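Participant: after the sequence you'll find the predicted model.
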Amino acid sequence: MAIYSKKESRPAPVNTKGFTYWVRENLFSSLSSTILTILSFALILYVVPPLLNYLIFDATWSGTKEQITGHGARWIYIYEKFNQFIYGFYPEDQYYRPNLIVGIFILYIVLFRKIRNIKFRIFIIVSFPLISLLLLHGGLGLEIIPTQKWGGLLLTIVVASVGILASFPIGIVFALGRQSNMPIIRTISVMYIEFIRGVPLITLLFMSSVILPLFFPEGMDFDKLLRALIGITLFQSAYIAEVIRGGLQAIPKGQYEAADSIGLSYWQTMGLIILPQALKISIPNIVGAFISLFKDTTLVLIIGLFDMLAMVTLTATDANWLGFETEGYVFVTLIYWIICFSMSKYAKSIENRFNTNHR
């Protein structure tokens, strides 16, 4: 028999570790758990093999349209129309410009995480939108590409990114306004939030596309994409305001009193004490609102902008590729899922990084 000292750690019993223990505890721990496990495996066996056959094993990956013989997905259609799905009508010889933006974005993310200097981070936040606009639209020696030629995933990301970046600070302002002790500020904030939340996004898009240009001088050409961005920003900022207001209400009153006791001003209290805590609490709901916005970008089709989903309908009308829209919708669904899932996982990592409950 082995003799262990009081300070020496003993290995866990064999029956409390390993794969067998995990399966028993998580899948077959009770009668109800066993039944659900069996039903789940049956559902997986019923759904997954046919799905894999359609997506992979029986799919057509290369060749020409005439060479399609299998009954699976005809991915050759995606291959032929891939550039339209990603870039829309953007000139093919200018594809390097959006690709360069992706490279700069990745570089900035790496630098942002590595370099802690606040001034450098502000430079990154301010410079990236300006560089992106210059590269996409043109100017300073670059060919001008009108927004009418933007489309596909490129347009989807532009609309979602601008909507997210612009609506976030506006939402914070209206959330603080709704909590304000000033009656006029509070009334304006409440009216704005309740009005915007009371109408669907499609209505705001129509208003920004048709009514907004009426407020500008006659003959002034107001860009269609800019109208959509204004409508989406106004819509999203109202929802962000309510999400952040929920976080503000979760902050104990003692936090405000502690700030007052050390002589902090209103903005110092909000910027240093209240808002950081409220934003941390609201991370899951904020990300949920941003994911919803990303999916709502498909509505820009109604004002004549062709995002990634609209490109499926457009390319499927090609006489040479009639009847192939199913593969297009599957492809777009996968792209949307990958992006939304990535946003969710990144938000979860941020939530874990700023989680101070265990300290």
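Facilitator: Perfect, I can see it now. Numbers count the residues shown, from 1 in each chain.

Participant: outline the domain layout of the protein.
Facilitator: What the TED database lists as the domains of the chain is 91-144, 148-354.

Participant: need these in TSV (columns: mean neighbour count).
Facilitator: Every residue, glycine included, has its C-beta placed from N, CA and C. Listed next are the domains of the chain as TSV, based on neighbours: other CB atoms under 10 Å:
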stretch	mean neighbour count
domain 91-144	13
domain 148-354	17
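
Participant: any idea which of those gets closest to Leu27?
Facilitator: With CB to CB as the criterion, Leu27 lies closest to domain 148-354 of the domains of the chain, at 24.6 Å.

Participant: nearest to Thr64, out of the domains of the chain?
Facilitator: Across those, Thr64 has its closest neighbour in domain 148-354 (10.5 Å, CB to CB).

Participant: hmm, back to that, closest to Tyr21 out of the domains of the chain?
Facilitator: Nearest to Tyr21, of all the domains of the chain, is domain 148-354, at 26.6 Å by CB to CB.

Participant: how far away from the center of its chain is that closest one?
Facilitator: Here the centre of domain 148-354 is set off from its chain's centre by 10 Å, with CA atoms, centre = their mean, to the nearest Å.

Participant: how long is it end to end?
Facilitator: End-to-end distance of domain 148-354 (CA to CA, to the nearest Å): 41 Å.

Participant: picking that back up, nearest to Ser29, of the domains of the chain?
Facilitator: domain 148-354 (26.5 Å).

Participant: contact partners for Gly88?
Facilitator: Counting by CB atoms under 8 Å, 6 or more residues apart in numbering, Gly88 makes contact with 149-152, 154-155, 306, 311.

Participant: show me what it bridges to in the sheet.
Facilitator: Counting by DSSP bridges, Gly88 is bridged to Trp150.

Participant: check contacts around the closest residue to Thr315 other than its chain neighbours.
Facilitator: In this structure, Thr315 finds its nearest non-sequential neighbour in Lys81, 4.6 Å apart by CB to CB, 6 or more residues apart in numbering. Going by CB under 8 Å, 6+ apart, Lys81 touches 311, 315, 321, 328.

Participant: in helices, which of those appear?
Facilitator: 311, 315, 328 (DSSP state H).

Participant: circling back to that earlier point, ok now the helix or strand containing the residue nearest to Thr315, how far from the chain's centre?
Facilitator: Using DSSP states H and E, Lys81 sits in helix 76-87. In this view, helix 76-87 has its centroid 22 Å away from the chain centroid, taken as CA atoms, centre = their mean.
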